[in-house]
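1. I'd like to go over a predicted model; first the sequence, then the structure.
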Amino acid sequence: MTLLLALLLGIQILGWRADGTPVAWDTLGAEEVTRLARMLHDSRSNLALSPGSSSTAEPSDTIGEIGGSSPPDRGTTTTTTLPPPPTTTTTRGWQPADECNNIPNPGPVYLTDATMNWCPMVAGHLARYHWNPGDLRHLMLLIECESNGDPNAINPTSGTSGLFQHRPVWWDGRSMQALGRIGDPFDPHDNIHVAVWLAKTQGFGHWDGCEPQIAGTLNA
């Protein structure tokens with residue numbers, strides 16, 4: 001290739017020997033022509049392996065770095081510790097039954113444990129109405145006087161029944177108004193519900209047998 005190009009261009013001198021003498025193409029011997037051909041072949045092979053060529057480069061023993069930092073370790077597990085949930089404080093509001101602990105018990109009619117066991121239920125029903133001071137104590141004293149806290153109490157003469165000793169003649173009509181149905185006078189829930197309704201809508205005078213007996217205690 002170099003010889004052909006030199007001939008076409010009319011170049012007489014191809015290079016210089018080590019002793020400083022010029023090398024003209026027409027003075028080359030067979031060995032020198034062969035040596036130059038090999039040199040040309042080797043230089044073309046080197047160009048084919050230079051950067052930018054399509055040849056496959058040797059694999060590198062190192063992993064390329066980005067921005068001077070090492071690639072992340074895929075085998076490392078990161079554990080995130082979450083903060084504990086906030087502590088919540090539940091404040092209990094007032095309950096009607098709380099008033100059972102505030103009922104005075106000076107006598108002479110004393111409220112027994114059997115009667116006071118029904119106080120939370122009485123307070124729950126009373127809370128449905130306008131609650132006047134002394135109402136809860138008044139109702140509990142009526143239970144004490146009428147039945148001594150026995151939900152199965154019955155008067156053999158008059159037939160009055162349950163905690164508040166409701167009269168049979170009035171029970172059906174009153175329970176219909178208070179409960180929306182005919183209740184059971186021996187069911188504490190029904191008996192108390194009707195009694196509280198009666199006291200708050202018509203007053204305490206319906207228990208005329210016990211009112212005089214508890215009057216001194218109510219005024220104490």
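-> Done, it's in. Numbering: from 1, shown residues only.

2. per-domain residue ranges of the chain.
-> As assigned by automatic domain parsing, the chain contains the domains 2-48, 96-218.

3. Need those in a markdown table (columns: mean neighbour count, mean pLDDT and distance to Thr78).
-> From N, CA and C alone the C-beta is placed, and that goes for glycine too. What follows is these, written out as a markdown table (neighbours: other Cβ atoms under 10 Å; pLDDT from 0 to 100; distance: least, Cβ to Cβ, whole Å):
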| stretch | mean neighbour count | mean pLDDT | distance to Thr78 |
| --- | --- | --- | --- |
| domain 2-48 | 11 | 59 | 48 |
| domain 96-218 | 17 | 96 | 53 |
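
4. can I get the ones you listed in TSV with distance to Thr90?
-> Formatted as TSV, the domains of the chain follow (distance: least, Cβ to Cβ, whole Å):
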stretch	distance to Thr90
domain 2-48	83
domain 96-218	16
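
5. Quick one, which of those gets closest to Thr79.
-> For these, proximity to Thr79 was assessed by Cβ to Cβ; domain 96-218 is nearest, at 48.7 Å.

6. Let me know the secondary structure of the closest residue to Pro104 other than its chain neighbours.
-> Once flanking residues are discounted, Pro104 sits nearest to Arg137: 7.0 Å by Cβ to Cβ, 6 or more residues apart in numbering. Following DSSP: H, G, I helix; E, B strand; the rest coil, we place Arg137 in the helix state.

7. Quick check, Arg137 in contact with Pro106.
-> No: using Cβ atoms under 8 Å, Arg137 is not in contact with Pro106; the gap is 10.5 Å.

8. Name the helix or strand for the closest residue to Ser161 other than its chain neighbours, please.
-> Among residues not flanking Ser161 along the chain, Pro185 sits closest, at 4.1 Å (Cβ to Cβ, 6+ apart). Counting by DSSP states H and E, there is no helix or strand that carries Pro185.

9. Could you report the separation of Asn219 from Arg137?
-> 11 Å (Cβ to Cβ, to the nearest Å).

10. Likewise for Arg167?
-> Per Cβ to Cβ, Arg167 is found 24 Å from Arg137.

11. wait, Ile192 sits on His166?
-> No: contact criterion Cβ under 8 Å: Ile192 and His166 do not qualify, at 10.5 Å.

12. And Arg92, how close does it get to Asp98?
-> From Arg92 to Asp98 the distance is 9 Å (Cβ to Cβ).

13. Check Ala114 too.
-> Here the criterion is Cβ to Cβ. By it, Ala114 lies 21 Å from Asp98.

14. go on, Phe204?
-> Taken as Cβ to Cβ, the span from Phe204 to Asp98 is 23 Å.

15. Now do the contacts for the residue nearest to Ser161.
-> When contacts are counted by Cβ atoms under 8 Å, 6 or more residues apart in numbering, Pro185 touches Ser161, Gly162, His166, Pro168, Trp171, Ser175, Asn191, Val194.

16. okay, these in a markdown table with secondary structure next?
-> Listed next are those as a markdown table, based on three-state DSSP:
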| residue | secondary structure |
| --- | --- |
| Ser161 | strand |
| Gly162 | coil |
| His166 | strand |
| Pro168 | helix |
| Trp171 | helix |
| Ser175 | helix |
| Asn191 | helix |
| Val194 | helix |
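
17. Closest to Leu82 out of those?
-> Asn191 (55.1 Å).

18. Go ahead and confirm the closest one touches Phe164.
-> Yes: here Asn191 reaches Phe164: they are 5.7 Å apart, a contact under Cβ under 8 Å.
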